[in-house]
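Q: Could you look at this predicted model? Sequence included:
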Amino acid sequence: MARNYALYTRRNIFLTGKAGTGKTTFLRRLKEESRKRMIVVAPTGVAAINAGGVTIHSFFQLAPGLYLPGGKMVAGRDQHNRYSFSKQKLNILRSLDLLVIDEISMVRADLLDAIDEVLRRYQERDKPFGGVQLLLIGDLQQLAPVATDEEWPLLQQFYQTPYFFSSLALQQTDFVYIELRHIYRQQDENFVSLLNAVRDGQVTEPILQTLNSHYRPAFNPPDDENWITLTTHNHQAAQLNSRKLEALPSPPVVFQATIKGEFPELSYPTEAQLTLKVGAQVMFCKNDPSQAKAYYNGRIGRIIKIENSKVTVLCDNERIEVGPLQWTNSKYVTDSATGVISEEVVGTFSQIPLRTAWAITIHKSQGLTFDRAIINAGRAFSHGQVYVALSRCRTLEGLILSTPIPPSVITIDPDVVQFTDYAHDHEPTAASFIADRRSFIEDILCDIFDFRQMSMRLRYYLRLTSEHMPYFPEYIRLVQNAAEQNDVHLFAVGVKFQTQIHELMPLADSYSANQPLRQRVKAAMAYFCKETAAALSELMEAEQPEVDNARGKELIDREFQFLKTEFDQKMNIFIACISEFSLDAYWDAKARASMTEETTPKKRKSTSTHRPKSTATAPEGTSGTERSMKTSTPKKSARTKKADVDTSAIHNPNLYRAIIDWRRAVAKERSMPPAYIMPLRTIIAITNACPATPDELGSIFGIGPKTIAEHGADLLEIVATHRK
């Protein structure tokens, strides 16, 4: 059910389950199977590396702090750097289909709303999370989100609880609750029952007695049995490890990690300066990447030899030799060939994959499994801590308590109980999945044939070009024609076809069984492919005219890019699905089309339009050079009479391009905006007048003596070449 909902619907999913039910395994397989554009994030660096993803804060560029709704107060965020995403990151944000958040129990409600804010900015603003599907994985009975005494009074003005399910954006969605129930880690039914009672806060006196019967304060574990102590606080684990290591008579050996690129210290899987000794109890902190699979993350053993850069560990009479291994810190990028989202390594951490392991904190043990554990949880300070500690153990026999467990530390948050009771009543069924899958296909098909957004963009683009390109009526007519063709042959027809989709959809439970709908969709793909190309291809291929106004150019470039992206996506989908629509073909086409967001439209390259601070704006019709000379050049009593040259259109486009290229080259050489070299109106006048002499050039509006002295020879040579 979880797989089907993730692959074949757009419903948001909360996937939960007790410790050891296979949530991480499910995620790993989903990553291999899904054709959606998906990324995986987690609240901490260690959790992100374990899940094969990146941290929430690094991906969404969110600084630590509060994220209060409505922008009333934003603590800890640098407003200046918000949303300064790279082109690769923008590509992913604008085309993301599925966002997976692992260890969701530790994610606070305001952080989830901050994610919603970013996704709405780059996808559909009127939909929660921009319309991106969420897969939230975690167990609310394990580690909880942290809200300090200073933070909670501010947060509770907006949120009922700190938990993710209090997110204002998430409450606007109808998410499904799916629980994995089969426990793989423990096989003993009595132990499983005990863990369930602790997890659900239903610990009776007999259960507490059974648990505390494992209290052995004087227990001194044999060195050859690899017991590990789980503590509630960092300093407890650090002190025990340090004391045990110092007590060993063998000389210490220090291994220095090799760190390259970006690898945050909080994400280090073991110490950068790792001190080991023969006889030390250690834990592997990485799965064996070789075919042997001799060790796994959490396996405990004892060092029997250290030689050069190799360490030999004895685990249950098995000798394992290990050298430095590499962890990677990645960022998500898009493959230049396929458009598929992939991971690009931005930093590496190379070290012996071991850590001293007489003790570890309960927090860091999450996700690990131990055969023998000594649990020091008498001072547990948050709900779920005792359950996390106990559930790390494979068997009840392999569990020792160094402090008794009082009933006061086995707590369960009533907010979690209330939410879980509600969620249980909203678990999906086979019938609801069929309806959700059908709705999913219906939404995709309607979206494919919806040209409303294209129509609005074309009308806005027409307004921009009419305002900022008055000298290029042919280009404006091209935009107007594209807008009219889109309205008549695409938008209007698309509205009618969406009505047919709604009528035909209920005829069968699945798209593959709905023959009438499949036939209509096939015919529609062919029609819209042909008509979209006919209406918009010429505009997409046309060369964009120059625009001197900096703000106007920015708006036009941005809007054209939006148009081009939408056009490419539609055409890719039509071509991929013209013989038969399928989800695989649809996802692949979307991925390929997303790469157009990183390409430059077919137009002149833009040049920086930031003016030097010491220079004022040149009046229209005056070159920057002329304006700068006005204070030092005396006015002449007689001025050359300016010719009345038509600038309403470009009569010699090849000459126009040549002068534009010359202007760009001079501007680049002088690190100046092109408009400061020569205004666009003056260039069009030269283009249409084709002056052959300095006097003819000087008679053109915007050309003064200084411009002739500085650029006259170059301009006349360009015109002469054109005349030839």
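A: The structure has been received and is ready for your questions. These numbers were taken from a predicted model, which means no experiment stands behind them.

Q: Show me which positions of the strand or helix carrying Ile207 end up buried.
A: Assessed by DSSP states H and E, Ile207 sits inside helix 205-212. Using 16 or more other C-beta atoms under 10 Å as the burial criterion, the residues of helix 205-212 that qualify are Ile207, Leu208, Thr210, Leu211. From N, CA and C alone the C-beta is placed, and that goes for glycine too.

Q: Pairing partners for the very next helix or strand once past that helix, with directions?
A: Per DSSP H and E, the first helix or strand lying C-terminal to helix 205-212 is strand 228-231. Partners of strand 228-231 in the sheet, by DSSP bridges, are strand 359-361 (parallel), strand 373-376 (parallel).

Q: Now find how far off-centre the longest one is within its chain.
A: Going back to what we said before, that points to strand 373-376. Put simply, strand 373-376 sits 39 Å off its chain's centre (C-alpha atoms, centre = their mean, to the nearest Å).

Q: From the contact counts, what lies against the helix or strand following that strand?
A: Using DSSP H and E, the next helix or strand after strand 373-376 towards the C-terminus is helix 385-391. The contact analysis (3 or more C-beta pairs under 8 Å, 6 or more residues apart in numbering; DSSP states H and E) places helix 385-391 against helix 189-199, strand 373-376.

Q: Return the mean pLDDT over the helix or strand following helix 385-391, rounded to an integer.
A: Note on helix 385-391: by DSSP H and E, the next helix or strand toward the C-terminus is strand 399-401. Averaging pLDDT along strand 399-401 gives 91.

Q: what's the answer for stretch 371-383, then?
A: Mean predicted confidence for stretch 371-383 is 78.

Q: for stretch 237-252, same thing?
A: 92.

Q: Please enumerate the strands of the stretch 251-400 of the chain.
A: 253-256, 258-261, 273-276, 281-284, 300-307, 310-315, 318-322, 325-334, 341-351, 354-356, 359-361, 373-376, 399-401 (DSSP state E, counting those that start in this stretch).

Q: Val146: which of those is closest?
A: Across the strands of the stretch 251-400 of the chain, Val146 has its closest neighbour in strand 359-361 (14.4 Å, C-beta to C-beta).

Q: And the closest one, what's buried?
A: Across strand 359-361, burial judged by 16+ other C-beta under 10 Å covers Ala359, Ile360, Thr361.

Q: Save the residues you listed as CSV, and put in pLDDT and distance to Ala667 too.
A: Listed next are the buried residues of strand 359-361 as CSV, based on pLDDT from 0 to 100; distance: C-beta to C-beta, whole Å:
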residue, pLDDT, distance to Ala667
Ala359, 91, 66
Ile360, 89, 62
Thr361, 87, 60
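
Q: Including distance to Asn91, could the strands of the stretch 251-400 of the chain go into TSV?
A: Compiled in TSV, these are given as follows (distance: least, C-beta to C-beta, whole Å):
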stretch	distance to Asn91
strand 253-256	38
strand 258-261	21
strand 273-276	38
strand 281-284	37
strand 300-307	43
strand 310-315	43
strand 318-322	39
strand 325-334	5
strand 341-351	9
strand 354-356	38
strand 359-361	39
strand 373-376	45
strand 399-401	49
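
Q: Return the member of the ones you listed having the minimum mean pLDDT.
A: Among the strands of the stretch 251-400 of the chain, strand 325-334 carries the lowest mean pLDDT (a mean of 80).

Q: Any idea which helix or strand in this protein has the lowest mean pLDDT?
A: Within the chain, no helix or strand scores below helix 624-629, which has a mean of 34 by mean pLDDT, DSSP states H and E.

Q: next structured bit after it?
A: For helix 624-629, the succeeding helix or strand toward the C-terminus, using DSSP H and E, is helix 653-670.

Q: How far off centre is that next one?
A: In terms of C-alpha atoms, centre = their mean, the centre of helix 653-670 is set 40 Å apart from its chain centre.

Q: please renumber so the chain begins at 368
A: New numbering, starting at 368: the last item is helix 1020-1037.

Q: Mind giving me the packing neighbours of that helix?
A: helix 1041-1044, helix 1047-1056, helix 1072-1090.

Q: between the ones you listed, which one is nearest to Ala849?
A: When the helices and strands packed on helix 1020-1037 are compared by C-beta to C-beta, helix 1047-1056 sits nearest Ala849, at 23.4 Å.

Q: how near is the closest residue to Cys760 other than its chain neighbours to Ser425?
A: In space, and not counting its chain neighbours, Cys760 is closest to Leu766: 4.6 Å by C-beta to C-beta, 6 or more residues apart in numbering. Distance, Leu766 to Ser425, by C-beta to C-beta, to the nearest Å: 37 Å.

Q: Of those two, give the one with the bigger neighbour count.
A: Between Leu766 and Ser425, counted using other C-beta atoms under 10 Å, the more crowded position is Leu766 (21 against 17).

Q: The more buried one contacts Ala740, doesn't it?
A: Yes. Between Leu766 and Ala740 there is a contact under C-beta atoms under 8 Å: 6.0 Å.

Q: Just to check, Val914 is in contact with Phe927?
A: No. Under the criterion of C-beta under 8 Å, Val914 makes no contact with Phe927, lying 11.1 Å away.

Q: So between these two, which is more surrounded?
A: Neighbours per residue (other C-beta under 10 Å) separate Val914 from Phe927, with Val914 holding more: 26 against 21.

Q: so is the nearest residue to the more buried one once chain neighbours are set aside in a helix, a strand, or just coil?
A: In space, and not counting its chain neighbours, Val914 is closest to Lys920: 4.2 Å by C-beta to C-beta, 6+ apart. Classification of Lys920 using DSSP: H, G, I helix; E, B strand; the rest coil returns helix.
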